[in-house]
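> could you look at this predicted model? Sequence included:
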Amino acid sequence: PFKFFFGVPSCVPATVFETAGARITADQVGTLLDREDVWYLSEVMDFPGVLTGADEVMKKIAHARRLGKPIDGHAPGLRGKDAARYAAAGISTDHECVTLDEALDKLACGMHIQIREGSAAKNFDALHPLLSSHPDRVMFCTDDKHPDGLVAGHINDLCARAVAAGHDLFNVLRAACTNTVAHYQLPVGQLRVGDPADFIVVDDLVGFRVKRTYINGVLVAENGETLIESVSTKRLNNFHCDPRRPLDFRTPTKGRERLVIEALDGQLITNKLMLHDVVSDGVSVPDLSHDILKIAVVNRYREAPVATAWIKN
């Protein structure tokens, strides 16, 4: 009984450096957007392609604009004139802002800002002032929430934190509920006469602990327990690769220095470091004393060499 509103992925694979299980073309994007049960073009991650006017990227955007369907953005760190050019292409949201200044830059370009608090990327603390300064232009989102995190809470947690931070209750509720429905033109009830009865009941408007959930007037969950009957399904996501051996993960040394990814706590963006290489038996090895560990990617769709790199933090 849940309401799912799908968008079309704008780029599969996400970049030319990535190997995916398939490729989605501009023509396929157009075919999917023509469907009534597809509501928007999903995040345009190839923002360099937008700025350079790459033909395939711009065709995908043109399909959405032709149909008047929203276009989601994904442009970490984009500022100033580049942000304005990105927005001018018709892209109306961004969920990648990590600083308030970056968000204000994109708001000035006419974009809506999605305040993200997921399992890996946590931007609420930096961006929540927007709830008071731009209450009609912000939404809450998660953008990757792991199941154990969902058990603890979801958008309701952001509501509680925002109220605790002193924001007006109705500005908070707009970011959690109505701004999203309005922006994506979704057929979701907003407690108006004639609307479907889509709503939750909470203990109070401080802690936002959800007591009951109704969809189309039907009680589907109560006190943390689902009332939805289970259905059987089959596994669709398959792996097509042979087992890997330790030898497959060896990293030949390339010189006296090596490139190291520096992970930043609570962020998806990273730093690039050039650090002294540590070598043993002709191969580059971890440096535990400086927290330099190996990271590897294995292609699950077809046989391919293992890709290895170095990461700190």
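That came in fine, so what should we check first?

> count of neighbours near residue 303?
Neighbourhood size, residue 303 [other Cβ atoms under 10 Å]: 8. Bear in mind the C-beta positions are built from the backbone N, C-alpha and C, glycine included.

> how many residues are close by residue 94?
Look at residue 94: counted by other Cβ under 10 Å, it has 29 neighbours.

> my error: substitute residue 116 in the last question.
24.

> where do the helices of the chain begin and end?
26-33, 47-52, 55-67, 80-88, 100-108, 124-127, 130-133, 147-152, 155-164, 169-173, 179-184 (DSSP state H).

> report the outermost residue of the protein with respect to its centre.
Distance from the centre of the chain peaks at residue 281, with 41.4 Å (Cα atoms, centre = their mean).

> so what's that one up against?
Residues near residue 281 by Cβ atoms under 8 Å, 6 or more residues apart in numbering: none.

> re earlier: could you tell me the least trusted of the helices of the chain?
Ranked by mean pLDDT, these end with helix 147-152 at the bottom, a mean of 90.

> for it, the distance to its chain's centre please.
Counting by Cα atoms, centre = their mean, to the nearest Å, helix 147-152 is centred 17 Å from the centre of its parent chain.

> got a list of contacts for it?
Taking Cβ under 8 Å, 6+ apart as the rule, helix 147-152 contacts 118, 119.

> buried residues, the lowest-mean-pLDDT helix or strand in the chain. List them.
Every helix and strand in the chain was compared by mean pLDDT, DSSP states H and E; the lowest is helix 147-152, with a mean of 90. Across helix 147-152, burial judged by 16 or more other Cβ atoms under 10 Å covers residue 149.

> for that helix, C-alpha coordinates in CSV please.
Extracted C-alpha coordinates of helix 147-152, given in CSV (Å, rounded to 0.1, in the frame of the first residue of the first chain):
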residue,chain,number,x,y,z
PRO,A,147,18.3,-0.6,7.4
ASP,A,148,19.7,-0.3,10.9
GLY,A,149,19.5,3.4,10.7
LEU,A,150,15.9,3.3,9.5
VAL,A,151,15.0,1.2,12.6
ALA,A,152,16.2,4.1,14.7
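
> among the helices of the chain, which comes closest to residue 264?
helix 124-127 (12.6 Å; Cβ to Cβ).

> so what does that closest one touch, helix or strand wise?
Applying 3 or more Cβ pairs under 8 Å, 6 or more residues apart in numbering; DSSP states H and E, one finds that helix 124-127 contacts helix 100-108, strand 112-116.

> hmm, back to that, who wins for proximity to residue 229 among the helices of the chain?
helix 147-152 (19.8 Å).

> what residues are up against residue 42?
For residue 42, the contacting residues are 7, 8, 9, 10, 72, by Cβ under 8 Å, 6+ apart.

> and the fourth one, backbone torsions?
Right, residue 10. Per-residue torsions, residue 10: phi -90, psi -20 (degrees, to the nearest 10).

> that one and residue 62: what is the separation?
12 Å (Cβ to Cβ, to the nearest Å).

> who has more neighbours, these two?
A direct count of neighbours by other Cβ under 10 Å for residue 10 and residue 62 places residue 10 higher, at 27 against 15.

> skipping adjacent residues, who's closest to the more buried one in space?
residue 44 (4.7 Å; Cβ to Cβ, 6 or more residues apart in numbering).

> the one you found pairs with what?
Here residue 44 sits in beta bridges with residue 73, as judged by DSSP bridges.

> pLDDT score assigned to it?
Residue 44 is given a pLDDT of 95.

> roughly how far does it sit from residue 93?
10 Å.

> so what's the residue count around residue 289?
Residue 289: 7 surrounding residues under other Cβ under 10 Å.

> please apply the same query to residue 214.
Neighbour count of residue 214, defined by other Cβ under 10 Å: 18.

> what's the answer for residue 299, then?
Neighbours of residue 299 (other Cβ under 10 Å): 17.

> what do you get for residue 170?
A count of neighbours around residue 170, defined by other Cβ under 10 Å, yields 10.

> residue 22 is in contact with residue 9, isn't it?
No - contact between residue 22 and residue 9 fails when scored by Cβ atoms under 8 Å: they sit 9.9 Å apart.
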